[in-house]
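Enquirer: one predicted model, sequence on top.
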Amino acid sequence: MTSYTLPVPANPPTAAPGTVHTVASGDLRLSANVTCWPTQQQLEADVTAAVNALGWKVERGHGVDPGKGHGFIDSQRAGIEVFKRIPADAPLIVVEAVWQYSHHVLAGLRSHRGPILIVANWSGEFPGLVGLLNLTASLTKAGVPHSALWSRDFTDEWAIGGLRTWLETGELRHDTSHVRDLPSLPDDPEVSLGRSLAGQLATEKAIIGVFDEGCMGMYNAIFDDELINPLGIYKERLSQSALVAEMARVSDEEARAVRRWLDDAGMTFHVGTDEAIELTEAQLLSQFKMYVAALRISDDYGLDAVGIQYQQGLKDVVPASDLAEGLLNNVQRPPVLSRDGSRELYPGAPLPHFNEVDEGVAVDSLVTNRIWTAMGLDPATTLHDIRWGERYGDDFVWVFEISGSVPASHNGGYDRSYSMRQPPMFFPLGGGTLSGVSKPGEIVWSRVFIMDGELHVDLGRGTVVELPAEETQRRLDATTPQWPIMHAVLHGVDRDQLMARHKANHVNVAYAPDAATADKALRVKAAMFADLGVRVHLCGEVNL
Ligand SMILES: C[C@H](O)[C@@H](O)[C@@H](O)C(=O)CO
């Protein structure tokens, strides 16, 4: 007998035959969970009907909290508690109609032994597909086997077939034949440029500034130092509190000068007076102070790229970081001087900004910035959420839609860019976007991700198409009208192939002036990443 207090072993529940368990991971923000709850209920009803029709029962792993007004797992702690009550060997479906924080369910999914399926509704209304892509990417980084499926309402043959396969075999494989490994590259001017830039980065090194790591549960977006240091990339860990402190040192006059510059450049600000639902002059002033402060701190630390998390803390202190982020990513931007007024900071160049401190985007933006600059191209780059998409004419046209800002050059300039108040359900203190419709043109798209403990990159080509104004508006209205939109057609990659393969909710894009130059830039990028030791995959039709 021992006198020590031993923990009482939990009595794990056993799986009932023919029963599928479901969970729903949610946002941390109550307002988002409450607003999106009816849509989630509809998706859960659709998925339950489909599973029942295949002869299986569905048991929801957690209840609805009437006090909160939703039934989402809304924290990591809540997720850990929910998973204690789910039989570890039962088939489990994570049902997502919303943007969700992957870490809410990661702990439970890591130790779950039964088959795991992540499903989302093919709808742009809320970022459920974006949530699915983050969770599958996070599980890929964590090495947790899983399958994924998406459908408008789970009544179509394709989705029902997929569901049946998963229920019968515990696994669902999709066609990813569009992906191939990079072949060895001939020594030509592009390959040689890629290799020299890789050599320079690895030896001279670069610093990415991270204002508070780990945004919105995006486990996939945290890149360990051990993985990025060999590329020559080092992190400077910064606190968002320091950003707020620096903002307080920026004068109103300096912030107003930023506004005057943007007004002169032709940008439109949709302002009002109601802080709760409209963009106000006070919100904008704060955002311009953040822009100046971010550049000053970046200069202090000698940063080569910077990322501001904004969520988990800063969203309750100051208006959105997006406007500052979009400005930083553009070559032409309001000048900012050092505190003593003696130097312009990062003159004539963007300071690559990686939204939501997505460190995969940080690595990519840095590499893109160097290649595009060396080739004499506009180095403005951004991430987008892979939000949704539909066919238009002969093409499947994606809605790439970042949650707040793009560099103005992607919209064709400041005079084609506008700022709207960020949606209150995600952004209680408001702040303006840097929005617009991305100009038609040729792009290189990419994603750096972690799989099997190594860095990988998917590279592909695409064309941004122009759609009639009413179709653009329909797509904006079907998603988040305040946010910047890109109508992207990916070359040789269909809808389901992208969804099945892409290991992130984010995709990086950069423009080239024509197809031949975009092909060349992609070749430089492939060569540079390969030389840095990143495993390069080509997706779809790529002219190497
Ligand atoms: C505001 C929302 O939470 C967005 O931030 C979310 O949909 C994303 O952008 C995820 O990348």
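Expert: Nice, thanks for sending it over.
Enquirer: for residue 345, see how far away residue 300 is.
Expert: 10 Å (C-beta to C-beta, to the nearest Å). All C-beta spots, glycine's among them, are computed from the backbone N, C-alpha and C.
Enquirer: no wait, residue 23
Expert: Separation of residue 23 from residue 345 (C-beta to C-beta) stands at 47 Å.
Enquirer: could you do residue 275 as well?
Expert: Between residue 275 and residue 345 the distance, using C-beta to C-beta, works out to 30 Å.
Enquirer: what residues go with each domain of the chain?
Expert: Taking the TED database as the criterion, the chain consists of the domains 19-169, 189-539.
Enquirer: give the contact list for residue 411.
Expert: Listed by C-beta atoms under 8 Å, 6 or more residues apart in numbering, the contact partners of residue 411 are 417, 435, 436, 437, 438, 439, 484.
Enquirer: ok, how many other residues are close to the second one?
Expert: Neighbouring residues of residue 435 were enumerated by other C-beta atoms under 10 Å; the total is 27.
Enquirer: which non-adjacent residue is nearest it?
Expert: Closest residue to residue 435 apart from its sequence neighbours, by C-beta to C-beta, 6 or more residues apart in numbering: residue 484 at 4.5 Å.
Enquirer: once you drop chain neighbours, what's closest to residue 513?
Expert: residue 377 (7.1 Å).
Enquirer: and for residue 452?
Expert: Spatial nearest neighbour of residue 452, excluding adjacent residues (C-beta to C-beta, 6+ apart): residue 143 at 7.2 Å.
Enquirer: go on, residue 498?
Expert: Using C-beta to C-beta, 6+ apart and skipping residues adjacent in sequence, the residue nearest residue 498 is residue 490, 6.5 Å away.
Enquirer: check residue 401 too.
Expert: Residue 401's closest residue in space is residue 387 (C-beta to C-beta, 6+ apart), at 4.2 Å.
Enquirer: doesn't that neighbour lie inside a helix?
Expert: No. Counting by DSSP: H, G, I helix; E, B strand; the rest coil, residue 387 is not part of a helix but strand.
Enquirer: OK, contacts around it?
Expert: 124, 127, 129, 130, 398, 399, 400, 401, 479.
Enquirer: now do 10 Å
Expert: Residue 387 sits next to 124, 126-130, 133, 398-403, 475, 478-480, 483, 485-486, 505 when contact means C-beta atoms under 10 Å, 6 or more residues apart in numbering.
Enquirer: for the stretch 51-200 of the chain, which residues are neighbours of the ligand?
Expert: Counting by C-beta under 6 Å from any ligand atom, the positions of the stretch 51-200 of the chain adjacent to the ligand are 99, 127, 130.
Enquirer: in strands only, show me those residues.
Expert: Using DSSP state E, no member of these sits in strands.
Enquirer: out of those residues, who has the most neighbours?
Expert: Within these, neighbour counts (other C-beta under 10 Å) peak at residue 127, which reaches 30 neighbours.
Enquirer: ignoring the adjacent residues along the chain, who's closest to residue 154?
Expert: residue 50 (4.0 Å).
Enquirer: swap that for residue 84, sorry
Expert: residue 10 (6.2 Å).
Enquirer: same check on residue 256?
Expert: Nearest residue to residue 256 in three dimensions, chain neighbours excluded: residue 285, at 7.3 Å (C-beta to C-beta, 6+ apart).
Enquirer: before we move on, what about residue 192?
Expert: Counting by C-beta to C-beta, 6+ apart, residue 527 is the residue found nearest to residue 192 once chain neighbours are left out, at 7.9 Å.
Enquirer: mind giving me the packing neighbours of the helix or strand harbouring that neighbour?
Expert: Here residue 527 sits within helix 515-531, counting by DSSP states H and E. Packing partners of helix 515-531 (3 or more C-beta pairs under 10 Å, 6 or more residues apart in numbering; DSSP states H and E): helix 189-204, helix 359-374, strand 441-451, strand 454-464, strand 506-512, strand 535-539.
Enquirer: send me that helix as PDB with only the CA atoms.
Expert: Output of helix 515-531 as PDB, limited to C-alpha atoms (Å, rounded to 0.1, in the frame of the first residue of the first chain):
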ATOM      1  CA  ALA A 515       3.400  33.900 -68.700                       C
ATOM      2  CA  ALA A 516       7.000  33.400 -69.900                       C
ATOM      3  CA  THR A 517       8.300  35.500 -67.100                       C
ATOM      4  CA  ALA A 518       6.100  33.800 -64.500                       C
ATOM      5  CA  ASP A 519       7.500  30.400 -65.700                       C
ATOM      6  CA  LYS A 520      11.000  31.700 -65.300                       C
ATOM      7  CA  ALA A 521      10.300  33.100 -61.800                       C
ATOM      8  CA  LEU A 522       8.800  29.700 -60.800                       C
ATOM      9  CA  ARG A 523      12.000  28.000 -62.100                       C
ATOM     10  CA  VAL A 524      14.200  30.400 -60.000                       C
ATOM     11  CA  LYS A 525      12.000  29.700 -57.000                       C
ATOM     12  CA  ALA A 526      12.200  25.900 -57.400                       C
ATOM     13  CA  ALA A 527      16.000  26.100 -57.800                       C
ATOM     14  CA  MET A 528      16.300  28.300 -54.700                       C
ATOM     15  CA  PHE A 529      14.200  26.200 -52.500                       C
ATOM     16  CA  ALA A 530      15.800  23.000 -53.700                       C
ATOM     17  CA  ASP A 531      19.200  24.400 -53.000                       C
END
